[in-house]
Structures are given as C-alpha cells and as structure tokens.
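[1] When you get a sec, could you give me coordinates for this:
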Amino acid sequence: MALGYILSPFVPVVMKLWTTSYGLLSAGWACLMFLFFYWVIDVRARRRSSFPFAVIGANAIFIYIFRSLIHLGLIVSVFTQGIGRLLPRSGVLAQEVAVIVVEWLILFWMYKRRIFIRA
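    Numbering: from 1, shown residues only. Have a look, this model is predicted:
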C-alpha cells in the first residue's frame, strides 16, 4: 500500500485504467481486509458474527451474475422513494442498502435450502 501511495503523484490511482498505483493499493487493502477477517474469524473464533458473510460467500458467483442480469434497484426504488423525498441526501444510500438486504435475503433462502451454484 505504501508503494501505491508513493507512486500516486507520478502514476495516478485510476481504477478504470488499472494503473500500477491502483493495483498496489487495491492489493494492499485486500490483504489487510483478509488479515483482519482471518484474525476475527479464525484466531479470535468469532464465527457467529461472520455468518452473513458465509451466506454471501456460499453463492458469490450466483449473486454477481444475478446483479448483472436483474436490476433490483428499479424494483426496490418503489419502496424507498419515500425516504428519498424526506431525506434527499440519503435516498440513494437507502436504496442501495435495501438492494443489498434483498440480495442477502435471496442468498439466505438459497443457503437454508442448500442450493449452491458453483462454476
């Protein structure tokens, strides 16, 4: 990560171009997140708090393709429009949180019925 930040004045951090500085920064953050979750789940044995992530990980490929094919934002926006009117700055956030909740509920339904889509 440090090398990515050092390179950033010379090679800007641009995700769409996958610049060197972006690659180093994203790899560094991914390693830090992996280390944190390893420490919490395996070392500290906090498995109960990791259950929502286990539900997502069991069908990660499915939800990735599902999100590409079916835009739940249009469906969920019917229910989140009121929040958008009351709190204009929080409307988009509420919609995205609602989409994630609906996706997680779909994955939870699949998890409970032992439906696992594999590549």
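[2] Give the helix, strand or coil label for Ile117.
    coil (DSSP: H, G, I helix; E, B strand; the rest coil).
[3] what's the answer for Ala27, then?
    Assignment for Ala27 (three-state DSSP): helix.
[4] Next one: it from Lys16, what distance?
    17 Å (Cβ to Cβ, to the nearest Å). Where C-beta positions appear, they are placed from N, C-alpha and C, glycine not excepted.
[5] In terms of neighbours, single out the busier of these two.
    Ala27 (12 against 6; other Cβ atoms under 10 Å).
[6] any idea how far the lowest-mean-pLDDT helix or strand in the chain is from the chain center?
    Across the helices and strands of the chain, mean pLDDT, DSSP states H and E gives its lowest value to helix 72-86, namely a mean of 83. Counting by Cα atoms, centre = their mean, to the nearest Å, helix 72-86 is centred 20 Å from the centre of its parent chain.
[7] so where does the residue nearest the centre of the chain fall, helix or strand?
    Among the residues of the chain, the one closest to the centroid is Ile100, at 8.5 Å (Cα atoms, centre = their mean). Using DSSP states H and E, Ile100 falls within helix 91-112.
[8] So which residues make contact with that helix?
    Outside helix 91-112, the residues within contact range by Cβ atoms under 8 Å, 6 or more residues apart in numbering are 52, 55-56, 58-59, 62-63, 66-67, 72-73, 75-77, 79-81, 83-85, 87, 116-117.
[9] Figure out how far it is from the centre of its chain.
    Distance, stretch centre to chain centre, for helix 91-112: 11 Å (Cα atoms, centre = their mean).
[10] again, but for stretch 40-50
    With Cα atoms, centre = their mean, you get 19 Å for stretch 40-50.
[11] tell me which residues of it are tucked away?
    Ile41 (16 or more other Cβ atoms under 10 Å).
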